[in-house]
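Asker: Quick one: sequence plus predicted model below, questions after.
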Amino acid sequence: MNTETKYLGLELKSPIVVGSCGLTADVDKMVQMEQAGAGAVVVKSVFEEQIIHDIKRNTHMVAPTDSYGDSYEYIAQHVADDSLERHFNMMREAKRRLSIPVIGSINCFSYENWLTYAQKFQETGCDALELNMAILPYETTLSSDDVERTYNQIINTLRKSVTIPISIKVGTYFTDMAKQMQQLSWMGIQGVTMFNKNVEVDIDIENETLKNATTLSNPEDIYKTLRWVAILSKKMRCDLSASTGVYTSADVVKMLLAGATTVQVVSCLYKNGIDTLRELNDGLKVWMERKGYDKLSDFRGKLSVMPTDKASVAMRTQFMKYFAEIV
Ligand SMILES: Cc1cc2nc3c(=O)[nH]c(=O)nc-3n(C[C@H](O)[C@H](O)[C@H](O)COP(=O)(O)O)c2cc1C
């Protein structure tokens with residue numbers, strides 16, 4: 001049973017990739033992930049503010065810290081001055097000790113001179129770069145055109161700065177999701193990761209303060225990603241990595257049937273341990289064997305919306321089948 005796949009132009013033994021998280025900031029854990037069958041790992045993200053802090057400390061470049069407000073101050077106070085250097089060393093060590101692809105990650109939201117550090121990520125030897133573009137539409141002054149412009153500026157500059165493959169990780173805040181994702185895939189990037197899961201904000205009613213809700217996903221969170229992967233996978237000009245809510249090998253199969261190139265897992269490893277990767281890979285192979293499939297391309301995208309089909313019609317038909325029993 002062959003579960004090899006090509007992702008971002010890289011050869012992977014398995015389509016199951018460990019997504020960026022705290023576990024992928026630790027090289028020993030990443031080695032464990034490789035041994036348990038991960039196809040690749042996406043390293044814990046560096047925040048744009050961390051890079052700006054480093055620029056401010058180390059170079060004569062003007063770092064625009066005013067525009068970052070409290071988020072910059074938080075980083076400046078809570079992150080060790082050599083945090084970035086240590087991160088790069090960790091990535092170099094990961095490259096030395098792992099044979100699977102190691103994908104660097106940056107969490108960014110603005111078109112600023114943090115982009116000058118993209119080269120430094122490439123110099124660690126990482127195989128690709130995933131940008132978690134956390135542009136959130138919280139400002140009443142921000143239009144979707146502004147958001148689109150920022151995406152374009154960042155991607156165009158990044159493409160000129162590095163030669164390694166680029167993947168863009170997105171959230172779900174797009175009014176015109178299908179159009180935006182397709183346009184992203186036309187920008188010369190190698191992949192789109194759908195979706196990042198925001199840390200939800202909760203309220204502590206005793207202390208009357210804001211607090212973070214749980215950061216881990218639940219199995220039912222898979223459906224949003226599944227829907228969009230099915231709608232878009234055949235309409236994109238780059239790879240699609242499915243993220244959020246993947247817990248079982250059946251979930252991996254579903255994402256592949258919907259057309260995902262790779263499937264990312266995070267919360268399931270936090271909840272059930274890194275060895276779960278073994279179960280996911282074994283379960284995928286057992287299913288393929290039972291179905292008579294030799295390789296992923298035999299069934300990948302079998303249930304995605306065809307390029308010439310209207311997704312709205314396909315989804316509406318599905319809706320009618322369920323609710324009105326018309327068909
Ligand atoms: C503890 C934790 C830390 C995370 N850190 C990052 C990060 O640094 N960068 C990033 O792009 N995503 C990060 N994520 C988001 C995950 O990569 C993933 O997109 C999200 O958890 C949804 O996938 P899941 O349902 O498999 O958990 C983090 C998630 C968790 C739970």
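Answerer: Okay, I see it. Numbers count the residues shown, from 1 in each chain.
Asker: Would you quantify the distance from the closest residue to Met33 other than its chain neighbours to Ala242?
Answerer: Closest residue to Met33 in three dimensions, ignoring its sequence neighbours and counting by CB to CB, 6 or more residues apart in numbering: Val18, at 5.1 Å. The C-beta positions use only the backbone N, C-alpha and C, and glycine is treated the same way. According to CB to CB, to the nearest Å, Val18 stands 13 Å off from Ala242.
Asker: now do Phe88
Answerer: For Phe88 relative to Ala242 (CB to CB), the value is 29 Å.
Asker: likewise Ile135?
Answerer: In terms of CB to CB, Ile135 sits 21 Å off from Ala242.
Asker: neighbour-wise, which of those two wins?
Answerer: Looking at Ile135 and Ala242 with other CB atoms under 10 Å, you find the greater number of neighbours at Ala242, namely 31 against 19.
Asker: Which strands or helices does the helix or strand hosting the more buried one pack on?
Answerer: Per DSSP states H and E, Ala242 falls inside strand 239-243. Contact here means 3 or more CB pairs under 8 Å, 6 or more residues apart in numbering; DSSP states H and E; on that basis strand 239-243 packs against strand 166-170, strand 191-194, helix 222-232, strand 262-265.
Asker: Next, the angle from it to helix 222-232.
Answerer: Here strand 239-243 runs at an angle of 170 degrees relative to helix 222-232 (axes from the mean of the first three to the mean of the last three CA atoms, to 10 degrees).
Asker: Strand 239-243 vs the ligand: in contact?
Answerer: Yes. Using CB under 6 Å from any ligand atom, we find that strand 239-243 touches the ligand at Ser243.
Asker: Quick check: Tyr247 touching Val266?
Answerer: No. Distance between Tyr247 and Val266: 10.6 Å, which falls outside the contact criterion (CB atoms under 8 Å).
Asker: Identify the contacts common to those two.
Answerer: Common contacts of Tyr247 and Val266 (CB atoms under 8 Å, 6 or more residues apart in numbering): none found.
Asker: Now Thr214: closest residue in space that isn't a chain neighbour?
Answerer: Across the structure, with CB to CB, 6+ apart as the measure, the residue nearest Thr214 apart from its sequence neighbours is Glu200 (7.6 Å).
Asker: Quick check: chain neighbours aside, which residue is closest to the residue of the stretch 101-250 of the chain found nearest the ligand?
Answerer: Using CB to the nearest ligand atom, the closest approach of the stretch 101-250 of the chain to the ligand is made by Ser217 at 3.1 Å. In space, not counting the residues next to it along the chain, Ser217 is nearest to Ser267; the distance is 4.4 Å by CB to CB, 6+ apart.
Asker: Cool, thanks, talk later.
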